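**Student:** what shape does this take:
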Amino acid sequence: QVRVADSGGGLVPPGGSLRLSCKGSGMDFSKNNMGWYRQAPEKQREMVAMVTARGLHSGGQITYADSVKGRFTISRDDAENTVYLQMNNLKPEDTALYLCNGDIRPGGPRPGYWGLGTQVYVSS
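**Tutor:** Residues are numbered from 1 along each chain as shown. Below you'll find the model as predicted:
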């Protein structure tokens, strides 16, 4: 049974940092493209960061939303079946429910591979 467990959210002041974690089970983790999305009130869900599966001769390719480039860093630890999102210099507009997806296909995130989400609040 596929399970995606995301965690690490909280309340931080502007300029603060958080590290989100996403642990997958019941899947061939190392072969899956993994990523983080966020859903803010009255806004569409958007992709925040994605890391592809590692190739034979290369590391995973990483993609970021323009709004988080230079502030967020995604990484994966296939030995631990975990993906991390380090978020620095957080802004109020980063406030959202952050959701991990454990199998991102060319057509988009795969249903059934979502975590429940972890809430991030950025406020003074």
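**Student:** give me the below-cutoff pLDDT ranges for this protein.
**Tutor:** Flagging of the chain using pLDDT under 70 yields the residue ranges 56-59.
**Student:** mind running it again at 90?
**Tutor:** For the chain, residues meeting the criterion pLDDT under 90 lie at 54-60.
**Student:** show me where it has its strands.
**Tutor:** Shown for the chain, the strands assigned by DSSP state E span residues 3-7, 10-12, 18-25, 34-39, 46-51, 62-64, 72-77, 82-87, 96-101, 104-105, 108-109, 118-122.
**Student:** contact partners for residue 78?
**Tutor:** By CB atoms under 8 Å, 6 or more residues apart in numbering, the residues touching residue 78 are 29-30, 54. All C-beta spots, glycine's among them, are computed from the backbone N, C-alpha and C.
**Student:** any chance of the strands of the chain in TSV, plus mean neighbour count?
**Tutor:** Putting those into TSV (neighbours: other CB atoms under 10 Å) gives the following:
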stretch	mean neighbour count
strand 3-7	18
strand 10-12	14
strand 18-25	20
strand 34-39	23
strand 46-51	20
strand 62-64	15
strand 72-77	18
strand 82-87	22
strand 96-101	23
strand 104-105	16
strand 108-109	15
strand 118-122	18
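**Student:** without its sequence neighbours, what residue ends up closest to residue 120?
**Tutor:** Spatial nearest neighbour of residue 120, excluding adjacent residues (CB to CB, 6 or more residues apart in numbering): residue 9 at 4.6 Å.
**Student:** how near is the residue sitting nearest the centre point of the chain to residue 1?
**Tutor:** Among the residues of the chain, the one closest to the centroid is residue 36, at 2.3 Å (CA atoms, centre = their mean). Using CB to CB, to the nearest Å, residue 36 is found at 22 Å from residue 1.
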